[in-house]
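**Student:** sequence and predicted model, in that order:
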Amino acid sequence: MLRILAVMIVVPSVTFAEDWQALDGAQITAALTGHSLIYENATQQFYASGRTLYNAGQDSWGYWAVRGEQYCSQWPPGDQWDCYDMAASDDTLRFIGDDGSVTDGVLAK
């Protein structure tokens, strides 16, 4: 019995962490241009023109761009651009705010 306990203590538990890959500017552009994401309670389309349509019950038009290595968006009537780092895991894209907050969206098929 003591051997079993010792083995259980020595063998680390197996965890299944998601494999997130940081995206650079070119990868962000390729991942978003012409695609749609499905969030928990909304959808968003990213047009090659730089327009984006977010819908969480009603349409909200904004603008998107890649600046350096970040995704950036602007939502009228404001003129401020907010930028986010991005990462990908399979068909899920993650937006990472400066404060560490994350929003995940699944690529629509």
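**Tutor:** Looks like it came in fine.
**Student:** what about residue 70, how many neighbours?
**Tutor:** 20 (other C-beta atoms under 10 Å). Using the backbone N, CA and C atoms, a C-beta is placed for each residue, glycine as well.
**Student:** ok, the residue positioned nearest the centre of the chain to residue 71 distance?
**Tutor:** By C-alpha atoms, centre = their mean, the chain has its centre lying nearest to residue 94, at 1.7 Å. Per C-beta to C-beta, to the nearest Å, residue 94 is found 10 Å from residue 71.
**Student:** what residues are up against the closest residue to residue 55 other than its chain neighbours?
**Tutor:** Nearest non-adjacent residue to residue 55, counting by C-beta to C-beta, 6 or more residues apart in numbering: residue 43, 5.3 Å away. For residue 43, the contacting residues are 36-37, 54-55, 108, by C-beta atoms under 8 Å, 6 or more residues apart in numbering.
**Student:** next one: residue 102
**Tutor:** Residue 102 neighbours (C-beta under 8 Å, 6+ apart): 94-96.
**Student:** quick one, phi/psi of it?
**Tutor:** In terms of degrees, to the nearest 10, the main-chain angles of residue 102 are phi -130, psi 150.
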